[in-house]
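[1] have a look at this fold, sequence not included:
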DNA sequence: CTACTGTACTAGAAGTAATAATACAGTTAA
DNA sequence: TTAACTGTATTATTACTTCTAGTACAGTAG
């Protein structure tokens, strides 16, 4: 499914959260699609099931997936995501990053171009 | 100078790097201005000098400050910052964050408005 | 019942962060 | 030169987080 850097300073479960978030955002994992089970993914990646569960729990709290006991974990339908808390974090993060980018010499136009690029790749069904 | 959350999951030295970066970017700390010495800041914040030094070392490697043995640490002149490596990281981070913001329901216009807001607050002398 | 699912808990190992104490080298001013 | 600053480096120890390992319980589906 993907690769992890176990030697990274960044915790494995955080890497997992990031990677899975990317897959969901980029629609590689579709709405209501079943994710690998905790034990299955743990075996695939040769890491501990508890670490997977920690990542899934985080993704659930952020509104990206939902889990059903006995059934599995599934991608949360994008349209129904309404996580004002996450949105607030993202807005703050954007502001910080904009200031940093400008400080490092990027122009507003360069940044806007990057936005259009990402927006272009985003297709609603 | 500022406050730290010692109970946070985020390491103190990382919090320090972030806060100082903000002060530099927002021109609270001016070009070539001397930062508090390692020992002085450590005493002010009641944390260990080694932790301060770790933050300063990181800021230096990212190009935000420069340190002179025997003299002190100083804000790196903004115009002369040329850290292609940092810039690359920022660009990647921007793309990730744009995708995430859009996924969470923000429109391009909202994001662009945020950019203009930050840009407006940025004044060159 | 059996074999899956998520979830929870405890215990221990491993790695990172933070502290403490000390030391050395360069700068500056008396 | 001396004294008091500066950054920098090293070692040891403590504390905390991550990760692993093992076990257990509850819900689902065939």
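    Structure's in. What do you need? Here the structure is a predicted model, which means the values were calculated and not measured. Numbering: from 1, shown residues only, chains lettered A, B, ... in the order given.

[2] tell me the domain ranges of chain A?
    Following automatic domain parsing, chain A resolves into domains at A:12-80, A:84-120.

[3] how about the shortest one against chain B, any contact?
    Yes - taking Cβ under 8 Å from any Cβ of the partner chain as the criterion, domain A:84-120 and chain B are in contact, through A:86-87, A:90-91, A:93-106, A:108, A:111-112, A:114-119. To be clear about C-beta, it is placed using only N, CA and C from the backbone, and glycine gets the same treatment.

[4] list only buried entries from these.
    A:86-87, A:90-91, A:94, A:96-104, A:106, A:108, A:111, A:114-115, A:118 (16 or more other Cβ atoms under 10 Å in any protein chain shown).

[5] what's the residue nearest the centre of chain A sitting at in phi/psi?
    Geometric centre of chain A, nearest residue: residue A:21, 1.7 Å, by Cα atoms, centre = their mean. Backbone dihedrals for residue A:21, given as degrees, to the nearest 10, come out at phi -60, psi -40.

[6] spatially nearest residue to it (excluding sequence neighbours)?
    residue A:64 (5.9 Å; Cβ to Cβ, 6 or more residues apart in numbering or on different chains).

[7] how many neighbouring residues does the one you found have?
    Counted by other Cβ atoms under 10 Å in any protein chain shown, the residues lying close to residue A:64 total 25.

[8] distance of it from residue A:24?
    Using Cβ to Cβ, to the nearest Å, residue A:64 is found at 5 Å from residue A:24.

[9] what residues does residue A:121 make contact with?
    Shown in contact with residue A:121 (Cβ atoms under 8 Å, 6 or more residues apart in numbering or on different chains): residue A:26.

[10] contacts for stretch A:111-120?
    Contacts to stretch A:111-120, defined as Cβ under 8 Å, 6+ apart, come from residues A:98, A:101-102, B:91, B:94-95, B:98-99, B:102, B:108, B:111-112, B:115.

[11] go again using 10 Å as the cut-off
    When contacts are defined by Cβ atoms under 10 Å, 6 or more residues apart in numbering or on different chains, stretch A:111-120 is touched by residues A:25, A:97-98, A:101-102, A:106-107, B:90-91, B:94-102, B:107-108, B:111-112, B:115-116, B:118-119.

[12] centre of the chain to the longest helix along chain A, how far?
    When chain A is parsed with DSSP state H, its longest helix is helix A:84-103. Distance of helix A:84-103 from the chain centroid (Cα atoms, centre = their mean, to the nearest Å) equals 16 Å.

[13] in chain A, where is pLDDT below threshold?
    Filtered on pLDDT under 70, chain A yields the residue ranges A:1, A:80, A:122-125.

[14] go again using 90 as the cut-off
    Applying pLDDT under 90 to chain A flags the ranges A:1-3, A:6-9, A:78-86, A:119-125.

[15] who in it is up against DNA strand C?
    A:9, A:35, A:37-40, A:49-50, A:53, A:56-57, A:60, A:67-73 (Cβ under 7 Å from any atom of the strand).

[16] among these, which are located in strands?
    Applying DSSP state E to the residues of chain A next to DNA strand C, the entries found in strands are A:67, A:68, A:72, A:73.

[17] contacts only, for the closest residue to the first one other than its chain neighbours.
    Counting by Cβ to Cβ, 6+ apart, the nearest residue to residue A:67 once its immediate chain neighbours are dropped is residue A:73, at 4.4 Å. With Cβ under 10 Å, 6+ apart as the criterion, the residues that contact residue A:73 are A:20, A:34-38, A:41, A:52-53, A:56-57, A:59-60, A:65-67.

[18] that concludes my questions; thank you for your assistance.
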